[in-house]
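Trainee: could you work out the structure for the sequence below:
(one chain, ligands or ions: 2)
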Amino acid sequence: MVALFLSDIDRGDWWAREMTARLPDLDVRVWPDAGDLADIEYAIVWKPPPGLLSRMPKLRAILSLGAGVDHIFADPDCPPEVPVCRVVDQELTGRMTEYVLLSVLSYHRQVPTYRAQQQRRVWQHQHQISARERSVGLLGLGVLGQAAATQLVALDFTVSGWSRGPKRLDGVHCYHGAEGLAPFLAASDILVCLLPLTGETENILDRKLFAQLPQGANLINVARGGHLVESDLLAALESGQLAHATLDVLRAEPPADDHPFWAHPQITLTPHVASISDPRSVADQIAENIRRARAGEALLNQVDPARGY
Ligand code: NDP
Ligand code: OXD
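Mentor: Residues are numbered from 1 along each chain as shown. Ligands and ions are numbered 1, 2, ... in the order given. Purely as a prediction, here's the structure:
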């Protein structure tokens with residue numbers, strides 16, 4: 001039983017240890033030491049180089065190292081007959097919820113304004129509204145969007161969410177589909193993007209969308225850089241349509257040295273760390289999927305390639 005582990009951001013030795021602790025007969029080869037690709041039955045991957053997966057004739061499952069699978073479907077030669085599974089994990093969900101709460105609370109309590117004041121040596125109160133008066137909109141009400149929404153409701157924010165299909169969630173104003181987008185945006189002082197990157201959602205964070213938010217809204221993008229039209233964000237910050245943006249993900253990671261986001265006073269960047277998969281918990285479901293694939297059982301968290309998530 002042979003698995004390939006491939007990621008340029010995760011520690012291969014740690015993952016291999018966690019996998020063989022769960023499946024002692026698994027031969028885990030850490031890329032680029034793959035040996036003969038014809039041996040590989042399971043690919044545990046983050047951003048596999050295009051064309052590589054199609055060179056593994058015995059491949060039985062492609063196991064994403066993250067919740068998103070856009071990095072797999074970006075490969076036009078990804079073998080269509082091989083199931084693709086994503087990560088759904090309590091630890092990963094908890095970390096994302098922490099990041100969203102941190103960023104929302106920072107906007108709610110006007111941290112960017114006070115930081116700017118400090119730089120100018122200004123000691124001045126700003127009027128503070130209550131959480132109930134602050135509306136937070138979540139683009140995407142899946143595993144991560146729902147978890148964040150629940151905690152924001154618990155903090156008494158006014159919370160809305162937007163999804164593809166209809167949803168009912170306690171305390172959350174739920175909108176869906178193209179017709180639900182405009183009323184959802186109009187009710188989002190703070191907009192959090194937690195959508196998967198698909199053909200339908202690419203470039204969704206654009207000038208047209210920003211114009212439908214309340215003036216001076218804040219943006220938190222923790223989904224994918226491909227959702228954001230970067231030049232439209234710069235224009236919206238310049239015009240005051242948006243006050244500030246927190247970006248954990250970018251189209252090119254890391255951005256070029258001369259990228260305007262690095263030094264922009266209204267942009268906070270983090271290096272794609274909102275929620276990193278921890279092998280100590282995520283290896284359980286990857287091992288379970290390998291066991292299931294061997295036994296011919298249905299896999300956990302298999303995605304629909306037609307939907308792209
Ligand atoms: P899910 O698949 O559970 O949820 C996706 C949500 O997006 C669903 O509510 C879905 O609607 C909605 N959606 C998808 N397409 C559309 C559309 N065209 N219009 C409206 N709504 C749509 O994903 P997760 O919550 O687990 O993860 C979301 C994303 O977060 C991942 O794909 C990944 O890119 C990103 N991520 C980023 C991390 C980071 O560290 N920055 C870490 C982990 C994930 P419906 O419910 O109707 O299907
Ligand atoms: C993920 C990510 O998709 O870390 O899990 O971006």
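Trainee: start and end of stretch 207-218, how far apart?
Mentor: 14 Å (Cα to Cα, to the nearest Å).
Trainee: then stretch 38-56?
Mentor: 5 Å.
Trainee: for stretch 238-254, same thing?
Mentor: One end of stretch 238-254 to the other measures 23 Å (Cα to Cα).
Trainee: try stretch 164-171
Mentor: 19 Å.
Trainee: now it: how far from the chain's centre is it?
Mentor: The chain centre lies 20 Å from the centre of stretch 164-171; the measure is Cα atoms, centre = their mean, to the nearest Å.
Trainee: same check, this time on stretch 156-172
Mentor: With Cα atoms, centre = their mean, you get 18 Å for stretch 156-172.
Trainee: please see if it touches ligand 1.
Mentor: Yes - using Cβ under 6 Å from any ligand atom, we find that stretch 156-172 touches ligand 1 at 162-165. In this view, the C-beta of every residue, glycine as well, is placed from N, C-alpha and C.
Trainee: residues in the stretch 51-200 of the chain within reach of ligand 1, list them.
Mentor: Counting by Cβ under 6 Å from any ligand atom, the residues of the stretch 51-200 of the chain close to ligand 1 are 66-68, 96, 140-145, 162-165, 194-198, 200.
Trainee: let's see 8 Å
Mentor: Applying Cβ under 8 Å from any ligand atom, we find that the stretch 51-200 of the chain lies next to ligand 1 at 66-70, 86-88, 92-93, 95-96, 99, 139-146, 161-167, 176-178, 181, 194-198, 200.
Trainee: circling back: write the PyMOL selection for whichever of the residues of stretch 156-172 next to ligand 1 are buried.
Mentor: Only the buried entries of those go into this PyMOL selection, using 16 or more other Cβ atoms under 10 Å:
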select buried, resi 162+163+164
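Trainee: out of the residues of stretch 156-172 next to ligand 1, flag the one nearest to A38.
Mentor: Checking the residues of stretch 156-172 next to ligand 1 against A38 by Cβ to Cβ gives R164 as the nearest, at 38.9 Å.
Trainee: ok, now which ones touch that closest one?
Mentor: 176-177 (Cβ atoms under 8 Å, 6 or more residues apart in numbering).
Trainee: hmm, try it at 10 Å
Mentor: 140-142, 176-178, 180, 195-196, 198, 200-201, 307, 309 (Cβ atoms under 10 Å, 6 or more residues apart in numbering).
Trainee: how much space separates it from A252?
Mentor: Look at R164 and A252: by Cβ to Cβ, to the nearest Å, they are 28 Å apart.
Trainee: wait, isn't L250 in contact with G225?
Mentor: Yes - between L250 and G225 there is a contact under Cβ atoms under 10 Å: 4.0 Å.
Trainee: mutual contacts of those two, please.
Mentor: H272.
Trainee: ok so, going back, what's the most distant pair in the residues of stretch 156-172 next to ligand 1?
Mentor: It's W162 and G165 that sit farthest apart of those, by Cβ to Cβ, at 10.9 Å.
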